[in-house]
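Asker: Build me a model from this:
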Amino acid sequence: MQNLYEITIKGKWHKWSFTFWAKDNMVDWEKDGLEVRQVFNTIPVWVVKMGLTNVWCRLQDIKIIPLE
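Answerer: Below you'll find the model as predicted:
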């Protein structure tokens, strides 16, 4: 099963984040110094503005709304 992950890369002046799907365990990436997090919910800005973040996340948790 693939999971959605986010990797954060720190440059001299900025941080950059990218999301990607992977089957692999990210432990080796973390040991190598990369900041990797599993993404459990993605929330559009309009959902936050409407105050529906909790409802949106619960629907994603039960797989009614897909990630990305």
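Asker: all helices in the chain, in order from the N-terminus.
Answerer: Defined through DSSP state H, the helices belonging to the chain, from first to last, are 27-31, 45-49, 53-61.
Asker: okay, those helices in JSON lines with distance to Leu67, mean neighbour count and mean pLDDT next?
Answerer: All C-beta spots, glycine's among them, are computed from the backbone N, C-alpha and C. What follows is those, written out as JSON lines (distance: least, C-beta to C-beta, whole Å; neighbours: other C-beta atoms under 10 Å; pLDDT from 0 to 100):
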{"stretch": "helix 27-31", "distance to Leu67": "20", "mean neighbour count": "11", "mean pLDDT": "87"}
{"stretch": "helix 45-49", "distance to Leu67": "13", "mean neighbour count": "10", "mean pLDDT": "96"}
{"stretch": "helix 53-61", "distance to Leu67": "7", "mean neighbour count": "13", "mean pLDDT": "93"}
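Asker: now these as a markdown table including distance to Lys10?
Answerer: Conversion of the helices of the chain to a markdown table gives the following (distance: least, C-beta to C-beta, whole Å):
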| stretch | distance to Lys10 |
| --- | --- |
| helix 27-31 | 14 |
| helix 45-49 | 25 |
| helix 53-61 | 27 |
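Asker: what are the bridge partners for Glu35, then?
Answerer: Under the criterion DSSP bridges, Glu35 forms beta bridges with Thr8.
Asker: quick one, what contacts it?
Answerer: 7-10 (C-beta atoms under 8 Å, 6 or more residues apart in numbering).
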